[in-house]
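K.L.:
dropping a prediction and its sequence here:
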Amino acid sequence: MVAVPASERDVRRVLDDDGKPLPGVRTPSIPDATLARMFEVLLQTQLLMRVAQTVQLGGHLVAMGEEAAQLAVAPLGANDWVFPGQGDHVAWLWRGYTVQQLVDQTLGNAEDASKGRQAPGHHAARWLNLVSISAPAGTQLPQAVGAAHAARMLGRDDVMMALFGEAATSTGEFHVGLNFAAVWQAPCVFVCRNSGWAGGAQAVQTAARTIAAKAIGYGVPGVRVDGNDALAVWQVASEAIARARAGDGPTLIEALTHVIGRAPDSPDGNPWLEPIPALFELREEPFPKDPLHRLRGYLRHAGLWSERWEAELVGRHFDEIARAVATGENKPEPAIETLFDDVYEHLPWHLREQRAYLQAQPRAGDTRNEHRSET
Amino acid sequence: MVAVPASERDVRRVLDDDGKPLPGVRTPSIPDATLARMFEVLLQTQLLMRVAQTVQLGGHLVAMGEEAAQLAVAPLGANDWVFPGQGDHVAWLWRGYTVQQLVDQTLGNAEDASKGRQAPGHHAARWLNLVSISAPAGTQLPQAVGAAHAARMLGRDDVMMALFGEAATSTGEFHVGLNFAAVWQAPCVFVCRNSGWAGGAQAVQTAARTIAAKAIGYGVPGVRVDGNDALAVWQVASEAIARARAGDGPTLIEALTHVIGRAPDSPDGNPWLEPIPALFELREEPFPKDPLHRLRGYLRHAGLWSERWEAELVGRHFDEIARAVATGENKPEPAIETLFDDVYEHLPWHLREQRAYLQAQPRAGDTRNEHRSET
Amino acid sequence: MPTMNIIEAVRSALQTQMRADPRVVVLGEDVGKFGGVFRATSGLYDEFGADRVIDTPLAEAGIVGTAIGMALYGLRPVPEIQFGDFIYPAFDQIVNELAKFRYRSGGQYTCPVVIRTPVGGGIRGGHYHSQSPEALFIHTPGLKVVAPSNPYDAKGLLLAAMRQNDPVLFMEPKRIYRASRGDVPEGEYTVELGKAAIVRPGTQVTVVAWSGMVEIAEKAAALAEQAGISVEVIDLRTLLPFDVDALIASTQNTGRVVIVHEAPRTCGFGAELIASIQERAMAYLEAPILRVTGFDTPFPYSLEHEYLPNPDRVMSAIRQTLEW
Amino acid sequence: MPTMNIIEAVRSALQTQMRADPRVVVLGEDVGKFGGVFRATSGLYDEFGADRVIDTPLAEAGIVGTAIGMALYGLRPVPEIQFGDFIYPAFDQIVNELAKFRYRSGGQYTCPVVIRTPVGGGIRGGHYHSQSPEALFIHTPGLKVVAPSNPYDAKGLLLAAMRQNDPVLFMEPKRIYRASRGDVPEGEYTVELGKAAIVRPGTQVTVVAWSGMVEIAEKAAALAEQAGISVEVIDLRTLLPFDVDALIASTQNTGRVVIVHEAPRTCGFGAELIASIQERAMAYLEAPILRVTGFDTPFPYSLEHEYLPNPDRVMSAIRQTLEW
Ligand SMILES: Cc1ncc(C[n+]2csc(CCOP(=O)(O)OP(=O)(O)O)c2C)c(N)n1
Ligand SMILES: Cc1ncc(C[n+]2csc(CCOP(=O)(O)OP(=O)(O)O)c2C)c(N)n1
Ligand SMILES: [Mg+2]
Ligand SMILES: [Mg+2]
């Protein structure tokens, strides 16, 4: 009989609820500038999500509470690749995707790097090794494994990291991704944000006591970490990345988080946001287990934080976001003929034909259009 | 860090290599008649597979060496359902599918219970609660879980058993099947025949040390058993069935087997059989780890076996098989108009039209057919 | 008679049938306590309980795979796939299993499963909340495919689907889930599968549509009327098996046909309709049969209003068939 | 020039391209040490090693999913799906991922993946070793679909597919894998994607086919010739994008068209060809375009010889278009 579940209590923590290092725990040695940047990106992300509630972004950027878990990308090098899930804004901003780029994608305007092709939150940034996101849960896992195998085959030491929510662990893609990674010993790190909040209801995704325990079935290490503890996340991610880079294979990280809102998947009514809108009003008190609050505590304790500095950051980023939104809203939508680009490298005859048809359509203000309707 | 693999050495055995009960091990109490029937069905199956090499069955029935593992179905009741994989002949014969039925399906003649619709080995027997087999690996797992949930919902205590090879554990279907079963605590038993022989080569299916260890990731019990030890298989299957029936949820059983041949998946040349044809000549010595040899030893030891009895069984079953093949070969193929039945309950207009078209086709011996070709 | 929108009509069908037949169960992501992303199953959990209104883990292959097993055992499952775009992880279970069980077992096993799923664009959903994958399933023998365009048909067709014994893919037009309202009887009634409806009779051109495009076809017919052109609009309602008689009868009357669908053009269902009509009514055709469809691109986000067929485009095609 | 069968031609294409381009890798079930169920990759493992000829666990979603990741990173993977019938577990990765990566990222990410898979019946494979699923992929914008009918084209088209930058589904006619033999150059050459071949010129009726059905069409043309009827046979070779110009030119000449495919009729690719031809060449058509196809049933076992199109049926259709 085999029934040894991973211990639920075996969760890596570095900071207590207020950001003080726990007694007897080794804190990772992170340069001061990096720590400051971690704080800044978390703050920037939270501001962005709060603003997203109040302006024309349709709530599309909201996935509050999982910011620190996404800092698993922080110890990666620029050559490493990230295969994010939906709502991993921290991963994008950390690697240099700008707020303007994020807003342009959300609005789908002509300057979106993806040309307005996808719904909000489905970014792509080749220049940052951030892979194009899709909606179907879990599909990025085998893709990350393939890229990892490719890197190794080409003699490079790049590491691939895939991020995803706990509901994605229920998909077949999770299984084949983990299994291929383990069989190939691919340099890959799997980061599961376990918020216990999949979709609208608290649908039960697994009867296993932990997500990390799933690693056993693949023969790879599984670790649990407090996902609201930025330092603990940094620590386990660094270890997993180092292991992958050294050729010792993949790791499954389960980051325990506390989501109070998420990217809505239903453009028609956003029902998943219904129970919680009040939480997103701009306000001062931290929400429970706020990862920002804990990192702030640590920085303060380490003499790296001041009220003035944070106020300056808030001001600057709030302005930047507001400016990005205003700028983004004034950008035109993509030109209609771009509708047909990038289906293939070169436009085949049938898309040339369809483009010509669309361009010939009468439009508002076009007097050829005698029978134009309201719709 | 969670990395406690299921012990590889923790394998349930009752019999030694020659069928003597191992010292200090509890033997299951199985009625004598049942033991004799177990022996008879294993023998019958091996005869069938040997004959299949030499006559017009195209080698299609061959999956030698996994017979005892399939006896996991033996402790089931008649109301319980079985969702077999390919090559689980023992499951069919045990439950009362006759050799004639098996041969008729293999030949696809007009008396095949499935009307000659499927390739050899893809049986269906509703009257025996044996579910129709398909080729895509693993698909039967979620189906078994659904049936299990249905049984419970309807207040019945039927148990569902799914059988499959170790390669099926790599499919997404395995994952979603196990996961749904665990979340629903469905009365379901999963029996994996682990032969380490998937397809032609020894493709590595997993980096986990055992298949049973995969159970941990679903929060269900996993057990390993010597799959060539019919008594040990009976024992672990009985326990899992009892647990399921009592409402205590699913179990994953890993039965370690030793396949020396398998049902070929490639009708075009049967390459997977190439390395081993010599093994299948009719001969007297047992092949290594032959499950029949071990069960014979046990029966002899228990005074339930005699050479005369076995000779009688061999004679009778050999005759029956030979007769079934001869009879089956003389049965006609299904009538052409049956081609269109059972796509739907009632024939829709387009299939009526297509049936009429087919019936109007000129055929050999039909003088309307002036331009008939050779093809 | 009460007025309902499509969501309410679907819910009413589910509730009616679940009351009438204890074998009917609903399963899917968030269909239970939460009542579904579009609220189609809201209230059912409270009325019928967790055994019959089942929240599942996120795995479409599991949803359809377990539904098959339930049906084999004797239940009548009605799984929901949250968006048609997420049906592909279940594709093998649908195409290789669900559709083939009856045939492959020689009629021994049947799979009366009705898969409900919202389809179509117009809600700014982009690639993965907008697709219209009907053609893939119409090409799959063993399935029936149903695509209502209004609340009355939605309820009547769904009830009919749940009361017959073949697997059905039931595609609901999400864009007009709430916008389309109409009189819907309480309780039981059915709309026969396989029968089209002439939603507007006419004499000069036949326009064939289904799902969200029926509304567009009707608007085009109204434009045509203003221009003195009489258009007959056919709502196919069932796509497999489709109502070939209605199509041929109308074609024989008008001699001119325009087909409208949201899915990409190439190998869409429009192609089959054209093939079937010209095989049977070539002598009546006064002009090529034209298609107004989505383009052969993934479903776009910003330019979805350019992507989707609209009444003007249908009107142009109507004119074109007349001027040919 | 050496003579090869289709398997040898495919292997020669793979070997040629793997020698020319170190980014090309092959992966799939049993493709490595064992050389593939049909031996298409035999010898590659010994020549190129385990890193480039990769045996995978049994999971088509993993085969295609990892191939996508490899391609994103810069490799040129050529996954094998053991039988076309087993492609559906990878359907989501193909349809929602592979086909859409370039578009959804605004051209930033490309997926030059060539999926090889044997298709078609005639080997007594029953439901799950016989299917011809081309229509599903032709309806998927972003994919190219290629279906050779002979060794020369198989090698030339596969080389062309591996040298361009869009994802390709490469369907190989397994029934004639070994039976179809012909001269095939050693080393490099390509057959252009998107171009049909007139395999037999004729004047009275055009017969369009691809993959295993080209042989049937040619036999029917020979029968027709005996009956004094001149038939032009077009081998489409690439199904998406297909060679509309060749179809229209031939239709303008003959005015009569018969389309032959193995897949089920309803919503098969034949429908699209009919729609496209009648949209563009209605004025030239002397008769309805007819289809000779597989029936709308799952692929049967015992009656597969009744299911498959044969030269007689094609010949009947040819006569029918002439007598219309
Ligand atoms: C294959 C698939 N089915 C359904 C959905 C619809 N859906 C979108 S998000 C979501 C819940 C995801 O939960 P989780 O994985 O925990 O991610 P989180 O939202 O918490 O980041 C669901 C069911 C989807 N995206 N993909
Ligand atoms: C989805 C799918 N892909 C590929 C195949 C082809 N195939 C048939 S049997 C087989 C190996 C199966 O090995 P295992 O699961 O161990 O079963 P065994 O043959 O040992 O019973 C493969 C790859 C298949 N049946 N299903
Ligand atoms: Mg979550
Ligand atoms: Mg095996």
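P.N.:
Now that the structure is in, tell me what you want to look at. Ligands and ions are numbered 1, 2, ... in the order given.
K.L.:
which positions in the stretch 201-324 of chain C make contact with ligand 3?
P.N.:
Taking Cβ under 5 Å from the ion, no part of the stretch 201-324 of chain C reaches ligand 3. No exception for glycine: its C-beta is placed from N, CA and C like everyone else's.
K.L.:
what sits closest to whatever residue of the stretch 51-200 of chain C ends up closest to ligand 3 if chain neighbours are left out?
P.N.:
Shortest the stretch 51-200 of chain C-to-ligand 3 distance, computed as Cβ to the ion: residue-wise this is C:Leu58, at 9.7 Å. Nearest residue to C:Leu58, sequence neighbours excluded (Cβ to Cβ, 6 or more residues apart in numbering or on different chains): A:Ala167, at 4.0 Å.
K.L.:
look up how far ligand 3 lies from whatever residue of the stretch 151-300 of chain C ends up closest to chain B.
P.N.:
Residue of the stretch 151-300 of chain C nearest chain B, by Cβ to the nearest Cβ: C:Pro241 (3.8 Å). Separation of C:Pro241 from ligand 3 (Cβ to the ion, to the nearest Å): 42 Å.
K.L.:
where does the residue nearest to that residue when sequence neighbours are not counted land on pLDDT?
P.N.:
Nearest non-adjacent residue to C:Pro241, counting by Cβ to Cβ, 6+ apart: B:Pro348, 3.8 Å away. For B:Pro348, the model assigns a pLDDT of 98.
K.L.:
assign a three-state SS to the residue nearest to C:Leu58, would you?
P.N.:
The assignment at A:Ala167 comes out as helix when based on DSSP: H, G, I helix; E, B strand; the rest coil.
K.L.:
I'd assumed A:Ala137 was in contact with it.
P.N.:
Yes. The criterion here is Cβ atoms under 8 Å, and A:Ala167 meets it with A:Ala137 at 6.1 Å.
K.L.:
which residues are in contact with each of those two?
P.N.:
C:Leu58 (Cβ atoms under 8 Å, 6 or more residues apart in numbering or on different chains).
K.L.:
residue 207: neighbour count?
P.N.:
Reading this off chain A. Using other Cβ atoms under 10 Å in any protein chain shown, A:Ala207 has 20 neighbouring residues.
K.L.:
if you could check chain C rather than the one you did, that'd help
P.N.:
Close neighbours of C:Val207, defined as other Cβ under 10 Å, add up to 34.
K.L.:
for the host helix or strand of it, buried residues please.
P.N.:
Under the criterion of DSSP states H and E, C:Val207 resides in strand C:205-209. Neighbour counts over strand C:205-209 (16 or more other Cβ atoms under 10 Å in any protein chain shown) mark C:205-209 as buried.
K.L.:
wait, the residue of the stretch 51-200 of chain C closest to ligand 3 touches A:Ala137, no?
P.N.:
Yes. Using Cβ under 8 Å, C:Leu58 makes contact with A:Ala137 at a distance of 5.6 Å.
K.L.:
list the residues that contact both of the two?
P.N.:
In contact with both C:Leu58 and A:Ala137: A:167-168, A:171, using Cβ under 8 Å, 6+ apart.
K.L.:
closest one of the residues you listed to ligand 4?
P.N.:
Using Cβ to the ion, A:Thr171 comes nearest to ligand 4 of these, at 24.7 Å.
K.L.:
pLDDT at the closest residue to that closest one other than its chain neighbours, what is it?
P.N.:
Using Cβ to Cβ, 6+ apart and skipping residues adjacent in sequence, the residue nearest A:Thr171 is A:Gly138, 3.6 Å away. We have a pLDDT of 98 for A:Gly138.
K.L.:
got the contact list for A:Gly138?
P.N.:
Neighbouring residues of A:Gly138 by Cβ under 8 Å, 6+ apart: A:164, A:168-169, A:171-174, A:177.
K.L.:
so which of those are in strands?
P.N.:
Among the contacts of A:Gly138, the residues falling in strands (DSSP state E) are A:Phe164.
K.L.:
pick out the most distant pair among the contacts of A:Gly138.
P.N.:
Maximum pairwise distance in the contacts of A:Gly138, criterion Cβ to Cβ, is 13.4 Å, between A:Phe164 and A:Gly172.
K.L.:
more neighbours: those two, which one.
P.N.:
Legend: neighbour count by other Cβ under 10 Å for A:Phe164 and A:Gly172, higher for A:Gly172 (31 against 27).
K.L.:
OK, contacts around that one?
P.N.:
Applying Cβ under 8 Å, 6+ apart, the residues near A:Gly172 are A:138, B:171-173, B:175-176, C:59, C:61, C:89, D:61, D:89.
K.L.:
which ones, among those, also lie beside ligand 2?
P.N.:
Among these, the residues within reach of ligand 2 (Cβ under 6 Å from any ligand atom) are D:Pro89.
K.L.:
sort out for me which of the contacts of A:Gly172 are in helices.
P.N.:
Those of the contacts of A:Gly172 mapping onto helices are B:172-173, B:175-176, C:61, D:61, per DSSP state H.
K.L.:
identify the farthest-apart pair in those.
P.N.:
Pairwise distances across these peak at 11.5 Å for B:Val176 and D:Ala61 (criterion: Cβ to Cβ).
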